[in-house]
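Colleague: give me coordinates for this.
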Amino acid sequence: MTTERKKPKVYKGVVAGVSGNKTIKVTLEYQTSHPKYGKMLKRRTNAHVHDENNTAIVGNTVEICKCRPMSKTKTWRLVQVLDTNA
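Modeller: Residues are numbered from 1 along each chain as shown. Model (predicted):
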């Protein structure tokens, strides 16, 4: 019996900064509703992403996914660069 691994969920974000060699900082924006009032709130989080070939630059739209921990804060990896605005 062979079990297939599920593909990880892919997130889209914008590169906010380059944090040294093979690391980028990506801003992920999402909306959530307020627990009591129901109003939609804009939220964002920053993720440190492993960029093996240093292909992404600030302003690019990228796809990232979760991976094993590569350092204390870096647990994401770059899937592909979608849009090069810069």
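Colleague: run a quick neighbour tally on residue 36.
Modeller: 6 (other C-beta atoms under 10 Å). Every residue, glycine included, has its C-beta placed from N, CA and C.
Colleague: quick check: it vs residue 76, distance?
Modeller: Between residue 36 and residue 76 the computed distance is 32 Å (C-beta to C-beta, to the nearest Å).
Colleague: cool, residue 3 as well?
Modeller: 25 Å.
Colleague: which one's more surrounded, those two?
Modeller: residue 76 (22 against 5).
Colleague: what are the ranges of the strands in the chain?
Modeller: 10-18, 23-33, 40-50, 61-66, 74-83 (DSSP state E).
Colleague: dump these into a markdown table; add mean pLDDT as well.
Modeller: Shown next, in a markdown table, are these (pLDDT from 0 to 100):
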| stretch | mean pLDDT |
| --- | --- |
| strand 10-18 | 96 |
| strand 23-33 | 97 |
| strand 40-50 | 97 |
| strand 61-66 | 96 |
| strand 74-83 | 95 |
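Colleague: and the residue nearest the centre of the chain, what does it touch?
Modeller: By C-alpha atoms, centre = their mean, the chain has its centre lying nearest to residue 64, at 4.3 Å. Residue 64 makes contact with 10-13, 26, 47, 49, 76-79, according to C-beta atoms under 8 Å, 6 or more residues apart in numbering.
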